[in-house]
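Student: Here is my input, please return the structure:
(chains A, B, C and D)
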2 protein chains.
Amino acid sequence: MSRAEQKERTRRAIINAAFSQLSADKSFASLSLREVAREAGIAPTSFYRHFADMDELGLTLVDEAGLMLRQLMRQARQRIEKNGSVIRTSIETFMEFVTGNSNVFRLLLRERSGTSAAFRSAVAREIQHFVAELAEYLRKETTCPDELARAQAEAMVILVFHTGADALDAPPEQYGYLTSRTITQLRWLAHGAAGYGRKPKG
Amino acid sequence: MSRAEQKERTRRAIINAAFSQLSADKSFASLSLREVAREAGIAPTSFYRHFADMDELGLTLVDEAGLMLRQLMRQARQRIEKNGSVIRTSIETFMEFVTGNSNVFRLLLRERSGTSAAFRSAVAREIQHFVAELAEYLRKETTCPDELARAQAEAMVILVFHTGADALDAPPEQYGYLTSRTITQLRWLAHGAAGYGRKPKG
DNA sequence: AGAATGAGCGAACAGTTGTAAGCTAAGCGG
DNA sequence: CCGCTTAGCTTACAACTGTTCGCTCATTCT
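Tutor: You can find the predicted model right below:
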């Protein structure tokens, strides 16, 4: 096995170890370098051959999580072309992601309001990809002016994100309710934004 | 000074110490019992005379934070009676709370998605007070059926809460933009919910 | 007055943490 | 083939953690 190849391999072992230790009861902040190294099967000090510190690892995790989200978006678009129902398909795809990769979603959810400004802005950046895509869609499909399309997209993403967070603590039999509730909320936004262009009065 | 009086006094010292150590870079989870005790001016072991462990302290903090929020609501209602503009007054009051007690708000924001299920549900309970109050208002003032009034209130509270979170990382000169953006979003919801009662099609 | 309670303290414990220093040995470039 | 590079290791240290134990001594109760 080549040298660089082996290095990449244990780098991945570290990343996977970190991901697999995340859970409902364990946030990234509560992971220790030694724990991660132990699970990755390396000595604690070897960790430094790959990351300067835990923060650097964390940013990598956030990036990877963002990547998964973007892949999800592509998948959602394919489904929409076949299915037609934009809102429902988007939310259902998102909910599948949340329930199927709950630790990844939890990472984003927590670091969005975590103690590291770098983490927070990294998560914010990933979410902005979502918002930008949706805003562009709204600009095409509706008569909404640009600025309002963005505000509408932001509201929608926030609501969907929050529904994902709710799902993490809810029993699976409630997923259906959560989904349909969110669909209703998004329709209100769409309908309201469509018929309620702009009004000056504060 | 009476015995019970003195006990209450150092109990408050502990609580205040914990609150004052929270910041943008320090979450409750990253507080240590010894740090808190040090700042409160007591020996580490004396902590146990007041709380069984840090979790118990944390739940107390969440309760107190919730109390502040409810006081805020009362204050907002008074302002509304004098001012008239419901949405704007509510949001502005909330934003004042967030910027004036940022550590308290951060506590709620973080523990809402934290690692302790007890904390999460405690925060959720406090937020539900908000939602319930608003839903009741909507039922009175609009023609919305009960179930939808609640969904509408939930969406509104989520959006406002999120705006608060945004404000924590934004420069003060953006508060105005954040506020007016949120007002727009809430109006969309209100308008959409009003003209868009119920539709069966999924 | 005398006994009981209990808040607060200091010392000590076993455990964990991040990180520095220096070694080994395997892969690589000349 | 030899020397350099470097991933990974072991050892070590100082700092901190939560928690137990036993003590003091002011307040309270009888």
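Student: can you list the residues of chain A near DNA strand D?
Tutor: Within reach of DNA strand D by CB under 7 Å from any atom of the strand, chain A has these residues: A:3, A:6-7, A:9-10, A:41-46, A:49-50. Any C-beta I mention is one placed from the backbone N, CA and C, and that applies to glycine too.
Student: List, out of these, those positioned next to DNA strand C.
Tutor: A:3, A:6, A:44-45.
Student: Flag the least confident of the residues of chain A next to DNA strand D.
Tutor: Minimum pLDDT for the residues of chain A next to DNA strand D is recorded at A:R3 (84).
Student: which phi and psi does that residue have?
Tutor: phi -60, psi -50 (degrees, to the nearest 10).
Student: Which members of the residues of chain A next to DNA strand D are classed as buried?
Tutor: Buried members of the residues of chain A next to DNA strand D, scored by 16 or more other CB atoms under 10 Å in any protein chain shown, are A:10, A:42, A:50.
Student: I'd like these as CSV, with secondary structure appended.
Tutor: Formatted as CSV, these follow (DSSP: H, G, I helix; E, B strand; the rest coil):
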residue, secondary structure
A:T10, helix
A:I42, coil
A:H50, coil
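Student: so A:S113, which of the three states?
Tutor: Going by three-state DSSP: A:S113 is coil.
Student: any idea how far B:A118 is from it?
Tutor: Distance, A:S113 to B:A118, using CB to CB, to the nearest Å: 19 Å.
Student: what do you get for A:R34?
Tutor: 27 Å.
Student: repeat for A:L59
Tutor: Distance from A:L59 to B:A118, by CB to CB: 30 Å.
Student: tell me what the longest helix seen in chain A is packed against?
Tutor: In chain A, with assignment by DSSP state H, the single longest helix is helix A:54-83. Where contact means 3 or more CB pairs under 8 Å, 6 or more residues apart in numbering or on different chains; DSSP states H and E, helix A:54-83 is packed against helix A:3-21, helix A:33-40, helix A:86-100, helix A:102-111, helix A:117-141.
Student: Most tightly packed of these?
Tutor: helix A:102-111 (a mean of 21; mean count of other CB atoms under 10 Å in any protein chain shown).
Student: Next, the angle from it to helix A:3-21.
Tutor: Angle, helix A:102-111 to helix A:3-21, by axes from the mean of the first three to the mean of the last three CA atoms, to 10 degrees: 80 degrees.
Student: Can you list the helices and strands that helix A:102-111 packs against?
Tutor: helix A:3-21, helix A:54-83, helix A:117-141, helix A:146-169.
Student: Could you check those and tell me which one is nearest A:S30?
Tutor: helix A:3-21 (9.2 Å; CB to CB).
Student: Could you tell me the per-residue confidence at A:D146?
Tutor: pLDDT, A:D146: 87.
Student: just A:K199 next, same as before
Tutor: Taking A:K199 on its own, its pLDDT is 44.
Student: now swap in A:A122 and tell me
Tutor: So, for A:A122, pLDDT stands at 96.
Student: what do you get for the one 3 residues further on?
Tutor: Per-residue confidence (pLDDT) for A:R125: 95.
Student: now swap in the one 4 residues further on and tell me
Tutor: A:H129 carries a pLDDT value of 89.
Student: and if you look at A:T184?
Tutor: Looking at A:T184, its pLDDT stands at 96.
Student: and the residue nearest to it when sequence neighbours are not counted, how many neighbours does it have?
Tutor: Using CB to CB, 6 or more residues apart in numbering or on different chains and skipping residues adjacent in sequence, the residue nearest A:T184 is B:A151, 5.8 Å away. Using other CB atoms under 10 Å in any protein chain shown, the number of residues around B:A151 comes to 21.
Student: now swap in A:N83 and tell me
Tutor: Neighbours of A:N83 (other CB under 10 Å): 12.
Student: right, and it touches A:T93 too?
Tutor: No - with contacts counted by CB atoms under 8 Å, A:N83 stays clear of A:T93, the gap being 10.0 Å.
Student: and chain A, which of its residues are near DNA strand C?
Tutor: Counting by CB under 7 Å from any atom of the strand, the residues of chain A near DNA strand C are A:1-4, A:6, A:32-35, A:44-45, A:48, A:53-54.
Student: returning to what we had before: state the distance from the residue nearest to A:T184 to A:Q152.
Tutor: B:A151 is 18 Å from A:Q152, by CB to CB.
Student: How is chain A divided into domains?
Tutor: A:1-51, A:54-195 (automatic domain parsing).
Student: The first one near chain B at all?
Tutor: Yes - for domain A:1-51 and chain B, the contact criterion (CB under 8 Å from any CB of the partner chain) is met by A:24-27, A:29-30.
Student: Most neighbours among those, please name it.
Tutor: A:S27 (21 neighbours).
Student: Which residues are in contact with that residue?
Tutor: A:106, A:110, A:114, B:29, B:114-115 (CB atoms under 8 Å, 6 or more residues apart in numbering or on different chains).
Student: and with 6 Å instead?
Tutor: A:110, B:115 (CB atoms under 6 Å, 6 or more residues apart in numbering or on different chains).
Student: Just the pLDDT at the nearest residue to A:E111 once chain neighbours are set aside, thanks.
Tutor: What sits nearest to A:E111 in space, not counting adjacent residues and going by CB to CB, 6+ apart, is A:F119, at 4.2 Å. For A:F119, the pLDDT comes out at 97.
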